[in-house]
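# sequence isn't available, so here's the structure alone:
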DNA sequence: TATCTTTATCGTAATATTGCAATATACAAT
DNA sequence: ATTGTATATTGCAATATTACGATAAAGATA
């Protein structure tokens, strides 16, 4: 016990949970903010933007990449990181469905 | 060390992270799915819907409530749980902002 | 080649999360 | 008052996450 019981839930539920979990840390939200603020891909500059050690930032970047929220490509010495629109699209779709369902429930709720 | 360095990030970043983290578990996604599927508030039926012990479900419900994604009101013997639209609205606003920013970056990216 | 820069990985400590049995609480109904 | 039902809390074990120093890997530059 202690480990999440992934196989008792649907793929969709696990998918959304994985994406949301990746977003569930302020450092990772900050990384995404930065990638969105600067109007291009970021090549080797992210560590200086965060109040965390290089190893920690690298770890957070890996988690964002694994979840599909960013993608990185090697560019000589540095690595260029980008928002991965696919991951965000999945979450956005989810919230659109949720919002549609909430509309329907209007006034039927406590 | 090991604890999240909350105070190094903005309130907004912490806010989004907290909400996303609450969504970051398949059981909690499943609870929200259920609340949205049934076209009303749920009074005392959630435990049976999930493949988890009652204590565990109660814990997940508390986390969703703390994050502001659901709300519960006591209804005699049972407790009625509802989607809390405010929490979802915050996340939806966030994703709308993100999507607007992504639009602007079109073709400027790797 | 030697060195610098950038990013990743390993090892490890501190903390948090997950899950459950047992128990407590709160109200219903008998 | 006692019993039954629904939910919460407590305590604990297993596992996961967070953070960082140290070190490795890979390309750039002198």
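Right, received. Where do you want to start? In this text the structure is predicted, and so the values were computed from the model without any measurement.
# residue A:28: what's it in contact with?
Going by C-beta atoms under 8 Å, 6 or more residues apart in numbering or on different chains, residue A:28 touches A:22, A:60, A:63, A:64, A:69, B:17. Quick note: C-beta positions are derived from backbone N, CA and C, even for glycine.
# and stretch A:98-105, what's buried?
Buried positions in stretch A:98-105, judged by neighbour count with 16 or more other C-beta atoms under 10 Å in any protein chain shown: A:98, A:101, A:102, A:105.
# list the contacts for the third one?
By C-beta under 8 Å, 6+ apart, the contact set of residue A:102 is B:36, B:83, B:85, B:88.
# not counting sequence-adjacent ones, nearest residue to the second one?
Okay, so that is residue B:83. residue B:35 (5.3 Å; C-beta to C-beta, 6 or more residues apart in numbering or on different chains).
# cool, the third one as well?
The shortest distance from residue B:85 to any residue other than its chain neighbours is 5.9 Å, reached at residue A:102 (C-beta to C-beta, 6+ apart).
# same question for the last one.
Distance criterion C-beta to C-beta, 6+ apart; nearest residue to residue B:88, sequence neighbours excluded, is residue A:98 at 6.0 Å.
# related to what we said a few turns ago, I figured the residue nearest to residue B:83 hits residue B:42, correct?
Yes - Residue B:35 is in contact with residue B:42 according to C-beta atoms under 8 Å; the separation is 5.9 Å.
# those two - which one has more neighbours?
residue B:35 (24 against 20; other C-beta atoms under 10 Å in any protein chain shown).
# name the helix or strand for the more buried one, please.
Using DSSP states H and E, residue B:35 falls within helix B:26-37.
# give me the neighbour count for the closest residue to residue A:49 other than its chain neighbours.
Spatially, and ignoring its direct neighbours in sequence, residue A:49 is nearest to residue A:34 (5.2 Å; C-beta to C-beta, 6+ apart). Residues contacting residue A:34 under the criterion other C-beta under 10 Å number 15.
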